[in-house]
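Undergrad: got a predicted structure here, sequence first:
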Amino acid sequence: MQYALLTVAAILVATGTKRVRLLRSVGLTKRARRLYLVMAWTIGLLALLAMAAQVLMLWLCGLLSWRSALPLHLCSMMGLLTLPMLVLEKRWLWHIALYAGMPGALLALVFPAVQRVPWMSAMQLAFHTLHAAVALAPLLPLLTGETPDPLGTLNAAAFLCVLALCALPVNRVTGGNYLFLQLPVPGTPLAALAAHGLSAYRLSLAALACACLALEGLCAYAASRARRRR
């Protein structure tokens, strides 16, 4: 289900951004801006509604608690930031969404960790909708002409550090597993990282995040050099 949802949403985003570029190319900048804002508000509100639906279902079955309801997972935080990122067009927010939110959401779609409730179809739909929105939202600025800064990976790194520093004490107090810092999701490649203890597992997570950000920065740098040569 998640791949069909992601594919359909990606087609709609690509079609919409192509229309925005076309309108700009013929001088209809106001119409292009209106269309962009419609897409931005739609994706941002979908992310928020998907989060609200998950919280509601957890509350209805008595599973809502401080261990599960705080937006301290990466994709939960990005779900809150998606709408302001798109509407306010702050580049530092966009870099966080592009370099941290997008790969995190794609990994969550490949290895979903869905809370079990009596309404699993609805929960899975809300979960996949949130992560599809978080994964695709950074493409709107990218496909409409924005150029990412390779050093924007530093914004993403700082954001991840702050989020981890918030999640660690909250996990200790509540017994939660925000950012999956206490234990990995069973059945995912992260499970292999926990074989040598909690400290080694957390260091491995940090190393993987740094490697991912470094690779993304290199890709952005190569793309910017290729663009300048044209």
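TA: Here it is on my side, so go on. Numbering: from 1, shown residues only.
Undergrad: nearest spatial neighbour of the residue sitting nearest the centre point of the chain, skipping sequence neighbours?
TA: The chain has G101 as the residue nearest its centroid, 3.0 Å off, counting by Cα atoms, centre = their mean. In space, G101 comes closest to M78 once its chain neighbours are excluded; the distance is 3.8 Å by Cβ to Cβ, 6 or more residues apart in numbering. (Each C-beta comes from the backbone N, C-alpha and C, glycine too.)
Undergrad: wait, doesn't the one you found sit right on L136?
TA: No. The criterion here is Cβ atoms under 8 Å, and M78 misses it with L136 at 11.6 Å.
Undergrad: who has more neighbours out of those two?
TA: In this comparison of M78 against L136, neighbours counted by other Cβ atoms under 10 Å, the higher total goes to M78 at 29 against 23.
Undergrad: residues touching that one, list them.
TA: M78 makes contact with A47, I96, A97, A100, G101, G104, A105, V134 under the criterion Cβ atoms under 8 Å, 6 or more residues apart in numbering.
Undergrad: same question, P189
TA: Counting by Cβ under 8 Å, 6+ apart, P189 makes contact with F111.
Undergrad: retrieve the pLDDT associated with it.
TA: The score at P189 is 74. That number is its pLDDT.
Undergrad: going forward, count from 11.
TA: New numbering, starting at 11: the last item is P199.
Undergrad: quick one: it from T17, how far?
TA: Between P199 and T17 the computed distance is 23 Å (Cβ to Cβ, to the nearest Å).
Undergrad: can you check L55 too?
TA: 21 Å.
Undergrad: restricted to helices, list the contacts of M88.
TA: When DSSP state H defines the helices, the subset of the contacts of M88 inside them is A57, I106, G114, A115, V144.
Undergrad: excluding its backbone neighbours, what's nearest P148?
TA: Computed as Cβ to Cβ, 6+ apart, the closest residue to P148 that is not its neighbour in sequence is L108, at 4.0 Å.
Undergrad: okay, now that neighbour: neighbour count?
TA: Number of residues near L108 (other Cβ under 10 Å) recorded here: 26.
Undergrad: so the residue nearest to the centre of the chain touches L90, yeah?
TA: No. Between G111 and L90 there is no contact, the gap being 10.8 Å when judged by Cβ under 8 Å.
Undergrad: tally of neighbours for the closest residue to L149 other than its chain neighbours?
TA: For L149, ignoring the flanking residues on the chain, the nearest one in space by Cβ to Cβ, 6+ apart is V23 at 5.6 Å. Residues contacting V23 under the criterion other Cβ under 10 Å number 20.
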